[in-house]
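Trainee: Predicted model and sequence follow; I will ask about them next.
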Amino acid sequence: MSIADPAPGEVQVQVQAVGVCGSDLHAYSEGAVGSIPNVYPMVLGHEPSGIIAKVGPGVTGLNVGDRGALEPALYCYHCEFCLSGHHNVCANIRFLSNPNYPGFFRERVNLPSTNFVPIPPEMSFAAATLAEPLAIALHSLRLASIQPDEHVAVIGAGPIGLMTIAALRAAKVGRICAIEPLPHRRELAVQLGAHAALEPATALPELLRDTAGRGVDCAIDCAAGEQTTDQAVHMTRNAGRVALTGIHSTSFVALDGSAMRRKELTIYNVRRSNHETGEALELLRLHPDWFEPVLTHERPLDQIHEAFTVASQYLDGVGKMIVKP
């Protein structure tokens, strides 16, 4: 497939691998991501890695053949949010995978050279796709001020929940508890560093018993289910924190407002990452064994329908599905 040559300041990348994200599955299964409806036709995929095929005019420090992870968000760099360091909520953000901005489930992509982050030669393209979700997990920990030795619950052990568990492991928290209905995901959660993996039906009483009724210091909701955010409120200690990383399917979520007020909880809403990609790649380089269990399935681009079917229906013990153009 041929596309236009890269413009000044751009590189053209031959896409090598793309992870299937939970938001891709929202778009695929529900026709929307949160309150943003699909606009057809559109190209999904925003956890990519690839190799530089062409270098545009004015690009320095990058060459044809360089391998890297690709950042899917294009920022304006001049709005009040970019200027104050909050690029992830840029007022003029263009996110490659949203309506009108094609994502990476394709063979070649032109993008700004600043969105190409080199990876070490020993890192696989599949592993490099984890940089984007791991950066989100690291951002959620930073936003929620996670401290060593704290007791943290992660609700949902899908790919973003598993990345959050690995990030908590790196942060050396005292205890990590995963809450997940699927047995194979509970097993993956323990492989990645969770000290316990509980079924949702019994999680709240077990956590309260484990903490002598106090609750966890922070609950991170990576599932964004119908009841999971309210569950996070109830399992968190007084003056604790709740971080919302997952994307809810509906705009309105039921919460126990009285419990939030009595506990004086702080609620953090996570919007992707904010300059954590480099840190994520370093963590992937240092501890590849922490992440290899997540990479369970691969499909070629011409079998993407099967890839989405397996991932969306949690078939065959799938952890992270990788699509290879």
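Mentor: Cool, got the structure.

Trainee: got a list of what the residue nearest the centre of the chain touches?
Mentor: In the chain, the centroid-proximal residue (CA atoms, centre = their mean) is residue 133; its distance is 2.7 Å. Counting by CB atoms under 8 Å, 6 or more residues apart in numbering, residue 133 touches 19, 21, 47, 159-160, 163. Where C-beta positions appear, they are placed from N, C-alpha and C, glycine not excepted.

Trainee: One more: residue 240?
Mentor: Applying CB under 8 Å, 6+ apart, the residues contacting residue 240 are 215-219, 263, 265-266.

Trainee: Three-state assignment for it, please.
Mentor: Three-state assignment for residue 240 (DSSP: H, G, I helix; E, B strand; the rest coil): strand.

Trainee: mind checking pLDDT for it?
Mentor: pLDDT for residue 240: 98.

Trainee: Make 5 the first number, not 1, from now on.
Mentor: With the count now opening at 5, the last piece we talked about shows up as residue 244.

Trainee: gap between it and residue 102?
Mentor: Distance check for residue 244 against residue 102: by CB to CB, to the nearest Å, it reads 33 Å.

Trainee: Can you point out the buried residues in stretch 320-329?
Mentor: By 16 or more other CB atoms under 10 Å, the buried positions in stretch 320-329 come out as 322-327, 329.

Trainee: before we move on, back to that, which SS state does the residue nearest to the centre of the chain fall under?
Mentor: In three-state terms, and counting by three-state DSSP, residue 137 is helix.

Trainee: Then residue 236?
Mentor: Classification of residue 236 by three-state DSSP places it in helix.

Trainee: Could you find the closest non-adjacent residue to it?
Mentor: residue 223 (3.7 Å; CB to CB, 6 or more residues apart in numbering).

Trainee: give me the number of residues near the one you found?
Mentor: By other CB atoms under 10 Å, 30 other residues sit near residue 223.

Trainee: Can you give me the pLDDT of it?
Mentor: We have a pLDDT of 98 for residue 223.

Trainee: my guess is it is in a helix, correct?
Mentor: No. Checked against three-state DSSP, residue 223 lies outside a helix; its state is strand.

Trainee: I figured it hits residue 156, correct?
Mentor: Yes. Assessed by CB atoms under 8 Å, residue 223 is found in contact with residue 156 at 7.4 Å.

Trainee: State the pair within the buried residues of stretch 320-329 that is farthest apart.
Mentor: Largest separation among the buried residues of stretch 320-329 by CB to CB: 323 and 329, giving 20.7 Å.

Trainee: Quick check: phi and psi at residue 20.
Mentor: When read as degrees, to the nearest 10, the backbone of residue 20 gives phi -110, psi -30.
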